[in-house]
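K.L.:
below: sequence and its predicted model.
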Amino acid sequence: IAICVPLSSHAVGLGAFKVHSALGQPFAAEIEVSALQPDEFAEVVARIASPEQYQTANTMYLPVLRQLGVTAERRTDGRSFLSITSVAPINEPTLALLVDFNWRGGRLLQKYTVLLDPLK
């Protein structure tokens, strides 16, 4: 599911989702943000969607999602990312993440299905 309400002429988007953790570890992932203007970055607000937004999207909200935090990061090369992390280990092998991304020019609700591999 992707809902975008752009108010500006360029199309900000959430791109590739990369998981950097395994099942039973604290969650660590990142999502690339495309076409975000440098002056818009300071106003970015991103979070895991609310239980009500999950219900509207007909997607199951798991209590473990409350453990996830989202922060916007800008790399030295100018690329923007959302970092999604938890302090506690995540033991759910599959997560449906609805990311609620807001910037000055609009809002985007993007769904990602995450499969966590067991530790090897």
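P.N.:
Perfect, thanks for sending it.

K.L.:
contacts for the helix or strand containing Val87?
P.N.:
For Val87, the host element (DSSP states H and E) is strand 80-89. Strand 80-89 has contacts (C-beta atoms under 8 Å, 6 or more residues apart in numbering) with 14, 24-33, 36, 41, 44, 46, 48, 67-75, 97, 99, 101. In this view, the C-beta of every residue, glycine as well, is placed from N, C-alpha and C.

K.L.:
just the buried ones from those, in ChimeraX syntax?
P.N.:
Buried residues within the contacts of strand 80-89, by 16 or more other C-beta atoms under 10 Å, are selected in ChimeraX with:
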select :14,27,29,30,31,33,36,41,44,46,48,67,68,70,72,97,99,101
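
K.L.:
what comes into contact with the following helix or strand past the strand holding Val87?
P.N.:
Downstream of strand 80-89, the next assigned helix or strand under DSSP H and E is strand 94-103. Strand 94-103 is contacted from outside by 1, 12, 14, 31, 33, 36, 40, 43-50, 53-54, 57, 59-60, 62, 64-65, 68, 70, 82, 84, 107-116, using C-beta under 8 Å, 6+ apart.

K.L.:
kindly recompute the last result at 6 Å.
P.N.:
12, 14, 40, 44-47, 49, 53-54, 59, 108-115 (C-beta atoms under 6 Å, 6 or more residues apart in numbering).
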